[in-house]
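A.B. asks: predicted model follows, preceded by the sequence.
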Amino acid sequence: MTHRRAVLTMVAVTLMWSIAGVVSRHIEAARGFEVTFWRSFFNAVAMVLLLGVLRGPAQLARSLREGGRTLWLSGLCWGVMYTAFMLALTLTTVANVLVLIALTPLITALAARFALGHRLAARTWGAIVLAGAGIVWMYAREVSGADARQLLGMAIGLAVPLAAALNWTLMQHNRGAAQQDMLPAVLIGALLSALATVVPALPFAATTADLGLLALLGVVQLAIPCLLAVVVARSLPAPEISLLGLLEVIFGVLWAWLGANEAPSASVLAGGALVLAALAGNELLALRERRL
C-alpha cells in the first residue's frame, strides 16, 4: 500500500469510527453495559465471517491458537477500547469522549519513543504539540462544568487513548518482513469485550430497532474499519496513524451536532480547528519531504 493510499484509507476508517456517538443517541431502551455487549457481539460475528473469508476457518483457528503474546495483548487492547468507549458515551457527551481519544497521538509518540527507540520528525512533534494545545483548549472548558456522572464517563474514556497507544505501538513493533498477522486481534478484542459485559448487561432491554442500530455499530463502525486500521498499520508509522485518527474527533462531534442536536461549545470548535491544522500541516510537510 502506497503512503497516499494508506492515508486515504485511514481517513475512511475515521469516518466509519465517528458514527458511534450519533447512532448511540438514537438507541431507545438499551443502556450502558447492554449497549457495549451487543455492539461487541455483532462485531465478533462480523469478524468471524470476514476473517473466515479472508483467512479461511483453518488458518483463523491456527492464528488464534498459535498467535502468541503479541496477538493476545493487542486483542486485550482492542477489548479495552471497545468497552471503555461505549460505557463512556453512555455517561457523558460525545464531544467529551472524543476529546479524550485525541490524547492518543501524544501517548503513542511517547510510547514509540521510549519503548521502540523511534526518533520522531520535528514536524510530527510540532503537530502533536499543536493538536495537544487544541485538546487542552477543549478539555479544560468541558471539565470545569461537568457533574459527577460526566466526570466518571471521562475517567472511563481515558482508558481508550491509553489502550490505543499501546496497540499502535505493538503493531509498529510487529512491522517487518516476518510480521505476524494481527487481524485476528480485532476478533479477540470483540470476544473479550462481549464476555466482560454480558453478565452486567442482563436483563436485556434492547428493542428490535436498538438491535439494528447496534448491529450497524458492530459491523460498519467497528469490524470493517478496525480491520482496515490493522492493514494501514503495516504502512504508516504509529504516531502518524494516531494523528490521522484525530479526524474521528472532528467527524464525531459534527455528526452528533447534526444528527443528535449535541451542539459543541465554542471551545470545542476552536480546539477542533487547531487539531485539523495540526493534521493538515503534518501531512503537507510529509508530502513535501517525500517529493524532495
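C.D. replies: Looks like it arrived, so ask away. Numbers count the residues shown, from 1 in each chain.
A.B. asks: how close does V23 get to A215?
C.D. replies: From V23 across to A215, the span is 11 Å (C-beta to C-beta, to the nearest Å). Bear in mind the C-beta positions are built from the backbone N, C-alpha and C, glycine included.
A.B. asks: neighbour count: those two, which is higher?
C.D. replies: V23 (20 against 17; other C-beta atoms under 10 Å).
A.B. asks: got the contact list for that one?
C.D. replies: Residues near V23 by C-beta atoms under 8 Å, 6 or more residues apart in numbering: 213, 216-217, 221.
A.B. asks: do V198 as well
C.D. replies: Applying C-beta under 8 Å, 6+ apart, we find V198 in contact with F37.
A.B. asks: could you report the pLDDT at it?
C.D. replies: Turning to V198, the model gives it a pLDDT of 96.
A.B. asks: please enumerate the helices of the stretch 51-200 of the chain.
C.D. replies: 57-66, 68-89, 94-101, 104-116, 122-144, 148-157, 159-174, 184-201 (DSSP state H, counting those that start in this stretch).
A.B. asks: out of the ones you listed, which gets nearest to M1?
C.D. replies: Between M1 and the helices of the stretch 51-200 of the chain, the tightest spacing by C-beta to C-beta is seen for helix 159-174, at 14.1 Å.
A.B. asks: surely I135 touches L103?
C.D. replies: Yes: using C-beta atoms under 8 Å, I135 is in contact with L103, at 6.3 Å.
A.B. asks: first vs last residue of stretch 170-184, how far apart are they?
C.D. replies: 14 Å (C-alpha to C-alpha, to the nearest Å).
A.B. asks: the longest helix along the chain: how far from the chain's middle?
C.D. replies: Counting residues, the longest helix found in the chain (DSSP state H) is helix 266-291. Distance, stretch centre to chain centre, for helix 266-291: 19 Å (C-alpha atoms, centre = their mean, to the nearest Å).
A.B. asks: any idea how far the closest residue in space to A185 that isn't next to it in sequence is from R123?
C.D. replies: Excluding its sequence neighbours, the residue lying closest to A185 (C-beta to C-beta, 6 or more residues apart in numbering) is S74, at 3.8 Å. Between S74 and R123 the computed distance is 28 Å (C-beta to C-beta).
A.B. asks: more neighbours: which of these two?
C.D. replies: Legend: neighbour count by other C-beta under 10 Å for S74 and R123, higher for S74 (27 against 17).
A.B. asks: for that one, give me its contacts.
C.D. replies: 167, 170-171, 182, 185, 188-189.
A.B. asks: cool, G52 as well?
C.D. replies: By C-beta under 8 Å, 6+ apart, the contact list for G52 reads L60.
A.B. asks: any idea of the pLDDT on it?
C.D. replies: G52 is given a pLDDT of 88.
A.B. asks: what about the closest residue in space to M138 that isn't next to it in sequence, how many residues close to it?
C.D. replies: Spatial nearest neighbour of M138, excluding adjacent residues (C-beta to C-beta, 6+ apart): G271 at 3.3 Å. Using other C-beta under 10 Å, G271 has 28 other residues around it.
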